[in-house]
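Peer 1: model this:
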Amino acid sequence: QVQLVESGGGLVQPGGSSRLACAASGSIFDIYAMGWYRQAPGKQRELVATIPTGGSTNYADSVKGRFTISRDNAKNTVYLQMNSLKPEDTALYYCYARLSTVAEWLKPEDYWGPGTQVTVSS
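Peer 2: As a prediction, the model looks like this:
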């Protein structure tokens, strides 16, 4: 009933920039937070940035000052602007949303996108 679809990513040179977008669609009642996580080969999935509805953004220390998360609430879309990319930013980036559906409007749950690959390499 709910889908998260990511776009953006790909191959980027070190020091370059890239922008990810993720749109949530379906029978959404309310969105409480959206964000991005990433998983590099052989590593656990880790938080990159989150942006709660009406709250403050939160960033991993490794991306502070380089990445910026933002939301378009009218479009149920979250963005991740990534600047000064480093090879260690290479990972599969997952979109995340904590939301409730029309059918279960009192029970917010976590939803995930399928992931989009970001590779930083020369």
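Peer 1: spatially central residue for this structure, please.
Peer 2: Nearest residue to the geometric centre of the chain (Cα atoms, centre = their mean): W36, 2.5 Å.
Peer 1: quick one: contacts for it?
Peer 2: W36 makes contact with L20, C22, V48, A49, T50, I69, V78, L80, Y93, Y94, C95, Y96, according to Cβ atoms under 8 Å, 6 or more residues apart in numbering. Bear in mind the C-beta positions are built from the backbone N, C-alpha and C, glycine included.
Peer 1: the second one: which element?
Peer 2: Right, the one you point to is C22. strand 18-26 (DSSP states H and E).
Peer 1: go through that strand and flag the buried ones.
Peer 2: For strand 18-26, burial by neighbour count (16 or more other Cβ atoms under 10 Å) applies to S18, L20, A21, C22, A23, A24.
Peer 1: the following helix or strand past it: how far from the chain's middle?
Peer 2: Next in sequence after strand 18-26, counting helices and strands by DSSP H and E, comes strand 28-39. Computed by Cα atoms, centre = their mean, to the nearest Å, the chain-centroid distance of strand 28-39 equals 7 Å.
Peer 1: now strand 28-39: buried residues?
Peer 2: Result for strand 28-39 [16+ other Cβ under 10 Å]: buried residues I28, I31, A33, M34, G35, W36, Y37, R38.
Peer 1: list the strands paired with that strand, with their directions.
Peer 2: strand 46-52 (antiparallel), strand 91-101 (antiparallel) (DSSP bridges).
Peer 1: okay, now the residue lying closest to L92 once chain neighbours are set aside: neighbour count?
Peer 2: Excluding the flanking residues, the one nearest L92 by Cβ to Cβ, 6 or more residues apart in numbering is G115, at 4.4 Å. Residues contacting G115 under the criterion other Cβ atoms under 10 Å number 18.
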